[in-house]
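Enquirer: Sharing a sequence plus its predicted fold:
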Amino acid sequence: MDGVTVIDHPLVQHKLTIMRRKETSTASFRRLLREISTLLCYEVTRDLELTMETIETPLTEMQAPVLEGKKLVFASILRAGNGLLEGMLELVPSARVSHVGVYRDHDTLQAVEYYFKAPESLDERLVIVVDPMLATGNSSIAAVDKLKERGARNLRFLCLLAAPEGVKNFVEAHPDVPVYTASLDSHLNEKGYIVPGLGDAGDRMYGTK
């Protein structure tokens, strides 16, 4: 689908398969989500701009590449987004963090906002929005709406699984925000869950129902 990059690295796909299994324990699911999020972070940051600076190695002075511009922002859509956030921060510990509290009303499937906190100067930073599931797209659209209201202009959306319906809605609402995912699944069921999916990521991560 246009606007979507499916990250098909063998390690990503292998770990995702284990996460999909219904018998995978809470502890294993949480560990695998942290591991896979680090791999996904490699891909979503692959084209970050670099600049050169002068450093000294133990042997000589040289010009060496470093990231250019202000620190990245990882924007986690609570609560499940925090599972991706942890692994990404292991890779980029200097990143700033935003939290967007949005939940999906199970009756209307619409997004309800309850919390928002973000660092300053969003307009000068790359903001990577993270949530394991892009199902209906309503929560993700609402989160990006809020970030744009706060000035964010350069955004990417990273998820573990996406449904075609959610991708369509998201891309129509935010055609300027590319989507990165480990899998584009078949469809949504009547309850708005991704099929074949892996169940509710937040419940499986935290052992709740």
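Expert: Yep, that arrived. Numbering: from 1, shown residues only.

Enquirer: in the helix or strand hosting residue 139, what counts as buried?
Expert: Element membership for residue 139 (DSSP states H and E) is helix 138-149. For helix 138-149, a neighbour-count test (16 or more other C-beta atoms under 10 Å) marks 138-144, 146-148 as buried. C-betas here are computed from N, CA, C, even on glycine.

Enquirer: Ok, stretch 20-39 next?
Expert: Buried residues in stretch 20-39, counting neighbours by 16+ other C-beta under 10 Å, are found at 20, 24, 29-30, 32-39.

Enquirer: any idea how far the residue sitting nearest the centre point of the chain is from residue 82?
Expert: Centroid-nearest residue in the chain, with C-alpha atoms, centre = their mean: residue 130, separated by 2.3 Å. Distance from residue 130 to residue 82, counting by C-beta to C-beta, to the nearest Å: 9 Å.

Enquirer: Find the residues that touch each one of the two.
Expert: Common neighbours of residue 130 and residue 82 (criterion: C-beta atoms under 8 Å, 6 or more residues apart in numbering): residue 76.

Enquirer: is residue 161 in a bridge, and if so with what?
Expert: Counting by DSSP bridges, residue 161 forms beta bridges with residue 133, residue 183.

Enquirer: Can you name the next helix or strand after the helix-or-strand element of the chain with minimal mean pLDDT?
Expert: Sorting the helices and strands of the chain by mean pLDDT, DSSP states H and E puts strand 111-117 at the bottom, at a mean of 83. Using DSSP H and E, the helix or strand that follows strand 111-117 in sequence is strand 126-130.

Enquirer: That following strand - contacts with which helices or strands?
Expert: Secondary structure elements in contact with strand 126-130, counted by 3 or more C-beta pairs under 8 Å, 6 or more residues apart in numbering; DSSP states H and E, are strand 73-78, helix 81-91, helix 138-149, strand 154-162.

Enquirer: what about it, average pLDDT?
Expert: Strand 126-130 shows a mean pLDDT of 96.

Enquirer: same check, this time on stretch 74-92
Expert: 91.

Enquirer: in that stretch, what counts as buried?
Expert: Neighbour counts using 16+ other C-beta under 10 Å place 74-85, 87-89, 92 of stretch 74-92 among the buried residues.

Enquirer: Could you work out the most separated pair of those?
Expert: The distance between the two most remote of the buried residues of stretch 74-92 (C-beta to C-beta) is 21.0 Å, for 79 and 92.
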